[in-house]
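Participant: how would this look folded up:
(chains A and B)
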Amino acid sequence: MEQIGKIAAMTPISIALNRFGLGYRREDALPNDAKIWLKQQIAAYEPAPSALGGRSFGGADARSAVAETFAFRGRRDEAGTDRRAEIQQARLKNLRNSYIGEVALRARLALESDTPFMERLVHFWSNHFAVSVDKSQVPTLIGAYEFGAIRPHVAGHFRDLLKAASLHPAMLAYLDQFQSQGPDSPAAKARQQRGRPMRGLNENLGREILELHTLGVGGGYTQEDVKELARALTGWTMQGIPYADKARPQANGAAFFDWIHQPGTRRIMGRSYADEGERQALAILDDLAVHPSTARFIATKLARHFAGDTPPQPLVDRLADTFRETEGHLPSLYTVLVDAPECWVSQPVKFRQPWEWAIGMIRASGQAGQADRQFAIMMRALGQEVWQPGSPAGWDDREASWAAPNAILRRVEAAERFAEQTRLEDTRALAEAMFPGSLSESTMQTIRWAESNEMGFALLLVSPEMMRR
Amino acid sequence: MLTRRTMLAGSMAGASLAALGPKLAFARAASEKRLLVLVMRGATDGLALAAPLADPAYRQHRARWIETYADARKLDGIFALHPRLDEFGKLYADGEALVAHAVATDYRERSHFDAQNLLETGGTQPFQRRDGFLNRFLGLAGGGELPAIALASALPLALRGDNPASTYAPSPLPKASEGLIERLPDLYSADPQLAALWQAAQQADGIADASDMRNLARASDVGVLAARMLRDPKGARIAMVDLPGWDSHANQMGMLDNRFRQLDGLIAEFRKGISPVWKDTLVMVVTEFGRTVAMNGTNGTDHGTGSAALLLGGSLRGGKVLADWPGLAPQNLFEGRDLKPTLSLEALMAGAMAEHYALDAEKVMRELFPGRTARPVDGLVA
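Facilitator: Alright, predicted model coming up:
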């Protein structure tokens, strides 16, 4: 009777599995030492695991995705009115198929990962540098973005992750950077001479880099800094765009085109940057990446993800200090998190988002066949369409955004469907492995009274233990 | 020993809505007023919605489409309503609906992406604000027993922010079995938060009564659901729905025929369902920007500026077209191509919402759409 009115305390092993990792995977051995297990994962992280199936996600792949978008537009615009709808439909079907396939791949990676703590961090960074597939060019670039640009850098320095993500074709397309044109660029002058309307500066990417990727709101930048960064970023475009075929290829399928670049020295956060073409923006990003405001902003977000919605200030301070001392060496930050007592409080500190809940479900069932093309559709029903946060701010990492009535109802439906497809001998043993020493009396009783293993598993999947971490 | 009986008793005690926390408890001081916001995403051609037939330049630009309006309802001496908006037209004739024309937000570029962001956040720069105007309005107007609700699978930007807001969408997943549903109060017996969420979920699901729907693909279903959610005494007071697919670059008239039919179906079902509280209901139908006056080479129109918005409601001073008509002669067009906006969409929305809820209009304007010079429109709601 003691348990009524109380949520069962989590043991360190349960915290390692669920708060840091992505949940227990069926038939895995439980770790002996929670902290050693997590630290080993930082070292053992594999950016290109075998689950990627040998597919490449490099610049050439991004380039061909962009080229295909423009080829499609050409086909559509040249077609007679009778064939346009058909061409448009075929394109949409392609985008949909490609998206659904990449979501299934992301789920399979999460299922098969032996370093689930690091896999969680891949998802964290992908959301920090959010793009959204409701923008038409993004669906075919999303694989190259997350698997080809984010994954290789989550165990490196923040500055390399920043440059790979913020200047990736997926981001340049998502925030319309490729359409931004320096008002004094050769391109603008040529347009002016021909009496054509100016295409101006687009500030979106400049603003998001300062506000969402690096310094954060209140990080000390002004609207003039936004403008200056936007000016420095002009010229950054994608390979595979017909009009930019003379642009210089850059990493990951990006390109730099002097023709649209705004000439001149830029001044950002009190520092001057000479006009050296693409190197101007790269130099600015290198400085922003190690700015004290960036350190604080990243520290706060990481702390919120592992220590609760209102992160304890001492932890934020330690993370920010480490960020500054190591110039944003990410594994050092992850080590601070593992060593932080604030991340090991025995009460759950986070409400699981639909994605982590669904991945927890698939790892518990251990059935790779469930990381299938239905997964994207299920995520939509659960209210978190993968890679579609609808805003460059990404998904919110606070309980208020997720602990909602409709969300619980859909989880119950999804859990039952999932459980019906899972073969289980002993749900109670699985429950004990998923939440070692951490099951509440009410959850144990409810599972014990379930009429079948499947019903028991469905209940376990929507239990209080599974809803939080 | 924990028995099934004591657990059930525990679940009854734990499952009060007040357990959701102070926000929801606060929101229980429910207003009787209802508000539905419908966003037509993709930029609706206001000139097709309410056609200025008396404007000679219109007849010139849209010569091939004029025939569509041959038997259309005349809204006044200038405008005719698209023939598929029959239900709306009846409400207009009854003085319970109006068309605002030549409206636009403060935004003067032509990106859907930026324009929808500005419309929803109420910011002055795209992506400058993270919360939505409708969420901020909740702070001024209060909610119902259920928080403000979007009929969608994810919360639209307009409803994101500090005030509680939720979503409801019919499920493509098979319904959970009775056997499972019965056991959930036991499972959540020691967990007040989940118990309360589960009870609220059952409540919303009961109000929605949507077992015959799998998604929101049919606009008339959206109208039915919105009415159920807002009508119920224990339901929501503010709801938001999306009607996408207005980006008519090609074969516009066929496409809009279909879209307006869907919009009208949504309005018809909503009006039918909301009848008991129609007097307390305001509906705002808005879009992010308008379209070019001229047709393009593919029987469509391209991204423009001024468009139209619709207001409906049992207490609306309707039956008129609200417009300071700029005319469509070349010298009157915005940047030589678009309907020039002469009415601020933000001022229209803020004015209507303030009057409907008897709030200070200047304050509503400041909180929802700061940094605009336009004064909130008055005289919209009786």
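Participant: B:Lys272: how many residues sit nearby?
Facilitator: 14 (other CB atoms under 10 Å in any protein chain shown). Bear in mind the C-beta positions are built from the backbone N, C-alpha and C, glycine included.
Participant: so it, which state does it fall into?
Facilitator: Classification of B:Lys272 using DSSP: H, G, I helix; E, B strand; the rest coil returns helix.
Participant: quick check on the closest residue to it other than its chain neighbours: phi, psi?
Facilitator: Once flanking residues are discounted, B:Lys272 sits nearest to B:Ala227: 7.2 Å by CB to CB, 6 or more residues apart in numbering or on different chains. Dihedral pair for B:Ala227: phi -60, psi -40, per degrees, to the nearest 10.
Participant: state the distance from B:Ala227 to A:Ala232.
Facilitator: Distance, B:Ala227 to A:Ala232, by CB to CB, to the nearest Å: 52 Å.
Participant: then A:Tyr334?
Facilitator: Using CB to CB, A:Tyr334 is found at 31 Å from A:Ala232.
Participant: out of these two, which sits in the busier spot?
Facilitator: Neighbour totals were compared for A:Tyr334 and A:Ala232, and A:Ala232 leads with 27 against 24 (other CB under 10 Å).
Participant: just the buried positions in the helix or strand containing that one, please.
Facilitator: According to DSSP states H and E, A:Ala232 maps onto helix A:223-233. By neighbour count on 16 or more other CB atoms under 10 Å in any protein chain shown, the buried set for helix A:223-233 is A:225-233.
Participant: what sits up against that helix?
Facilitator: Helix A:223-233 is touched from outside by A:177, A:180, A:182, A:201-203, A:205-207, A:209-210, A:262, A:264, A:266-269, A:273, A:280-281, A:284, with contacts defined as CB atoms under 8 Å, 6 or more residues apart in numbering or on different chains.
Participant: ok, now stretch B:346-358?
Facilitator: B:31, B:33, B:35, B:100, B:103, B:105-106, B:122, B:133, B:137, B:140-141, B:282, B:284, B:286, B:309, B:311, B:313, B:315, B:322, B:359-361, B:363-365, B:368-369, B:372, B:374-378, B:380-381.
Participant: buried sites along it?
Facilitator: Across stretch B:346-358, burial judged by 16+ other CB under 10 Å covers B:346-357.
Participant: the residue nearest to B:Lys272: what's it in contact with?
Facilitator: Here B:Ala227 is in contact with B:269-274 (criterion: CB under 8 Å, 6+ apart).
Participant: can I have the buried ones of the residues you listed as a PyMOL selection?
Facilitator: Written as a PyMOL command, the selection of buried residues from the contacts of B:Ala227, which uses 16+ other CB under 10 Å, is:
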select buried, chain B and resi 269+270+271+273+274
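Participant: can you pull the pLDDT of the closest residue to A:Pro392 other than its chain neighbours?
Facilitator: Nearest non-adjacent residue to A:Pro392, counting by CB to CB, 6+ apart: A:Glu208, 4.8 Å away. For A:Glu208, the pLDDT comes out at 91.
Participant: which elements pack onto the helix or strand where A:Glu208 lies?
Facilitator: Here A:Glu208, judged by DSSP H and E, is contained in helix A:204-208. In terms of contacts (3 or more CB pairs under 8 Å, 6 or more residues apart in numbering or on different chains; DSSP states H and E), helix A:204-208 is packed against helix A:223-233.
Participant: please pull up the helix or strand immediately following the helix it packs on.
Facilitator: Using DSSP H and E, the helix or strand that follows helix A:223-233 in sequence is strand A:236-238.
Participant: which residues touch whatever helix or strand comes next after that next one?
Facilitator: As assigned by DSSP H and E, the chain's next helix or strand after strand A:236-238 is strand A:248-249. Residues from elsewhere that reach strand A:248-249 (CB under 8 Å, 6+ apart): A:59, A:239, A:255-257, A:277-278.
Participant: count the residues that sit near B:Ser31.
Facilitator: For B:Ser31, the count of nearby residues is 17 (other CB under 10 Å).
Participant: that's a strand at it, yeah?
Facilitator: No - applying three-state DSSP, one finds B:Ser31 to be coil, outside a strand.
Participant: low-confidence ranges in the chain?
Facilitator: Because you didn't say which chain, this covers chain A. Within chain A, the ranges that satisfy pLDDT under 70 run A:1-7, A:197-198.
Participant: not quite, go with chain B.
Facilitator: Within chain B, the stretches with pLDDT under 70 are B:1-30, B:143-144.
Participant: strands of that one, residue ranges please.
Facilitator: Per DSSP state E, chain B carries strands over the ranges B:34-41, B:50-52, B:79-81, B:97-104, B:148-151, B:165-168, B:238-244, B:281-287, B:307-313, B:321-322, B:343-344.
Participant: quick one: buried residues of the third one?
Facilitator: Spelled out, it's strand B:79-81. Residues of strand B:79-81 classed as buried: B:79-81 (neighbour count, 16+ other CB under 10 Å).
Participant: now those as JSON lines including distance to A:Arg96?
Facilitator: As requested, those are exported to JSON lines (distance: CB to CB, whole Å):
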{"residue": "B:Phe79", "distance to A:Arg96": "39"}
{"residue": "B:Ala80", "distance to A:Arg96": "39"}
{"residue": "B:Leu81", "distance to A:Arg96": "36"}
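Participant: in CSV, list those residues along with distance to chain A.
Facilitator: Below are the buried residues of strand B:79-81 laid out as CSV (distance: CB to the nearest CB, whole Å):
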residue, distance to chain A
B:Phe79, 29
B:Ala80, 26
B:Leu81, 27
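Participant: for A:Glu68, state which of those is nearest.
Facilitator: B:Leu81 (42.3 Å; CB to CB).
Participant: correct me, but the closest one touches B:Leu91?
Facilitator: No - using CB atoms under 8 Å, B:Leu81 is not in contact with B:Leu91; the gap is 10.9 Å.
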